[in-house]
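[1] Give the three-dimensional model of this entry:
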Amino acid sequence: MKLTYEDLTPACKHLPDYDGHKVYGLVDETDKPIVATCVHRCGTGMKSMFGPVIKSGGGWRRPLIPYVNDDAAFTDGLRLSSGMTSKFAGLELPIGGAKSVTFVHNMPELMTDENLFTELMRIFGAEIVTRIGSYLTAEDVGTKPQHMLYLKDHAPRGLVTGFERDVSEVTAHGVVMGVEAALKSTNFFNFGEFGRIDLASYAIEGVGAVGGHIVNKLWEGGARNITICDARPERAQEVADGKADVTIVPCSDIRKTSVDVFMPCALGGTINAKTIDNLNTFIVAGCANNQLKTREDGLLLHKLGIVYAPDFIINAGGLIAVVCDAITGKPIESMLPVISENLKFIFTESKRTGMATSIVADALVRERVAKLALPE
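    Down below sits the predicted model:
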């Protein structure tokens, strides 16, 4: 595998989601990028537990479903890095968003061959992580804690997290806290002031690492009306095993299920003009990134009276784990409540102003980006 470093920013400037990003990549001998790291805004930075200052952060994604073309991969990286900027701003941290995405092209074996992937990690660590010295990377879809530990060995001067804990479980914990906040915000349920999750029904689209933990946490919290789906039927069955009243349906039917809470926990962009008409729910609150395909989709949810928990707020638990372990050194439990606090503000402000929660959340992070002096 022969890969070289290249500035891929010019290849992204024509895309609608380009917003002044810097894009760094590894390019193979056919001039096709294998990994692209998109940096949305470099923040003013925070001193890390590693010693150096962290100015941007975001995980390394190895998608289970290959991108259809270069533009699709770049667009995903651009949108995800912008979302990371919003997540950091939501936590009031002066750090910019970034994300690394893996392209497959003519090497589908990268998805399954761990020896090839570890070689890619070695090159990625030396050429990208070390070169962008203020970029903190971590696990993401398709990568695991052990990948990060290996990456650290090959990027000794880079900023790479490596946890013994399961960060996806922390993300799931934060999402369930966010669901409780959403339940409290509604006036048409008998959930009481505590937002009891055991009284609500749920449809969960995607039960991968985070989605699977969400099912477990809802179940442990007493919820018994849970419907799930996954693109991998065997994964859905694995999550449902031993849990009475957890129903598996085809992915094509999950949005039509009549529930109190619909939880997008798979790919981004699944909440859109075509799918919203099929939703049969009061609340949308899941762990997927970039759930809304367009800005207008948030307005449509609001018009239909569906309470939407903005994804970059509710799914910040994994980032909180990274921040606590790599930057502040504080217990994760001390920081997780900020998810509920942010959502409570967003829901309250939406009711007060009549604006969609998506618009309120966007305004909140823009205000905080300006306050934190992150370069535009």
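[2] Helix, strand or coil: sort out the residue nearest in space to the middle of the chain for me.
    Geometric centre of the chain, nearest residue: Asn289, 3.9 Å, by CA atoms, centre = their mean. Secondary structure for Asn289, judged by DSSP: H, G, I helix; E, B strand; the rest coil, is coil.
[3] Quick check, it in contact with Asp311.
    Yes - using CB atoms under 8 Å, Asn289 is in contact with Asp311, at 5.9 Å. Any C-beta I mention is one placed from the backbone N, CA and C, and that applies to glycine too.
[4] who touches both of the two?
    Each of Gly83 lies in contact with both Asn289 and Asp311 under the rule CB atoms under 8 Å, 6 or more residues apart in numbering.
[5] Please enumerate the helices of the stretch 151-300 of the chain.
    Ranges of helices within the stretch 151-300 of the chain are 167-185, 209-220, 233-240, 273-276, 295-303, based on DSSP state H, counting those that start in this stretch.
[6] Quickly compare those and say which is most buried.
    With neighbours defined as mean count of other CB atoms under 10 Å, those peak in mean count at helix 167-185, which reaches a mean of 24.
[7] Restricting to C-alpha, output that one in CSV.
    Extracted in CSV, the C-alpha atoms of helix 167-185 (Å, rounded to 0.1, in the frame of the first residue of the first chain):
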residue,chain,number,x,y,z
VAL,A,167,-17.1,5.3,24.7
SER,A,168,-20.2,4.2,22.8
GLU,A,169,-21.8,3.3,26.1
VAL,A,170,-21.1,6.8,27.4
THR,A,171,-22.8,8.2,24.3
ALA,A,172,-25.8,6.0,24.9
HIS,A,173,-26.0,7.1,28.5
GLY,A,174,-26.1,10.8,27.3
VAL,A,175,-28.8,10.0,24.7
VAL,A,176,-31.0,8.4,27.3
MET,A,177,-30.6,11.4,29.6
GLY,A,178,-31.6,13.5,26.6
VAL,A,179,-34.7,11.4,26.0
GLU,A,180,-35.7,12.0,29.6
ALA,A,181,-35.3,15.7,29.0
ALA,A,182,-37.5,15.5,25.9
LEU,A,183,-40.2,13.5,27.7
LYS,A,184,-40.2,16.2,30.5
SER,A,185,-40.7,18.9,27.8
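[8] mean confidence for that helix?
    The average pLDDT within helix 167-185 is 93.
[9] cool, stretch 136-143 as well?
    The pLDDT scores in stretch 136-143 average 84.
[10] in the host helix or strand of Ser81, what's buried?
    Ser81 belongs to helix 70-90 when elements are defined using DSSP states H and E. In terms of neighbour count (16 or more other CB atoms under 10 Å), helix 70-90 has its buried residues at 70, 73-90.
[11] and this protein, what are its domains?
    For the chain, automatic domain parsing gives the domain ranges 4-160, 167-359.
[12] residue contacts, the closest residue to Asn280 other than its chain neighbours?
    The spatial neighbour of Asn280 that comes closest, neighbours along the chain excluded (CB to CB, 6 or more residues apart in numbering), is Ser258 at 4.4 Å. Counting by CB under 8 Å, 6+ apart, Ser258 touches Ser201, Asn280, Thr281.
[13] Tell me where the model's unsure across the stretch 51-200 of the chain.
    For the stretch 51-200 of the chain, applying pLDDT under 70 flags the ranges 156-158, 162-165, 187-195.
[14] Now with 80, please.
    Scanning the stretch 51-200 of the chain for pLDDT under 80 picks out 51, 64-65, 104-112, 133, 144-146, 149, 152-166, 186-195.
[15] where exactly do the strands run in it?
    53-54, 56-57, 60-61, 96-102, 135-137, 159-160 (DSSP state E, counting those that start in this stretch).
[16] just checking, which of those sits deepest inside the structure?
    Counting by mean count of other CB under 10 Å, the most buried of the strands of the stretch 51-200 of the chain turns out to be strand 56-57, with a mean of 30.
[17] name the helices or strands packed onto it?
    strand 96-102, strand 135-137 (3 or more CB pairs under 8 Å, 6 or more residues apart in numbering; DSSP states H and E).
[18] closest one to Arg232 among the ones you listed?
    In terms of CB to CB, the element of these nearest to Arg232 is strand 96-102, at 18.9 Å.
[19] which residues sit against stretch 115-123?
    Applying CB under 8 Å, 6+ apart, the contact partners of stretch 115-123 are 1, 3, 26, 34-35, 62, 102, 107, 109-110, 147, 150-151, 154.
[20] from the chain's centre, how far out does it sit?
    The chain centroid and the centroid of stretch 115-123 are separated by 24 Å, computed with CA atoms, centre = their mean, to the nearest Å.
[21] Kindly export that stretch (C-alpha atoms) in CSV.
    What follows is stretch 115-123, C-alpha atoms only, in CSV (Å, rounded to 0.1, in the frame of the first residue of the first chain):
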residue,chain,number,x,y,z
ASN,A,115,-3.7,-6.5,8.6
LEU,A,116,-4.3,-4.0,5.8
PHE,A,117,-6.2,-1.7,8.1
THR,A,118,-3.4,-1.6,10.7
GLU,A,119,-1.0,-0.7,7.9
LEU,A,120,-3.3,2.1,6.9
MET,A,121,-3.3,3.2,10.6
ARG,A,122,0.5,3.3,10.6
ILE,A,123,0.5,5.6,7.6
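[22] Flag every buried residue along that stretch.
    Across stretch 115-123, burial judged by 16+ other CB under 10 Å covers Phe117, Leu120, Met121, Arg122, Ile123.
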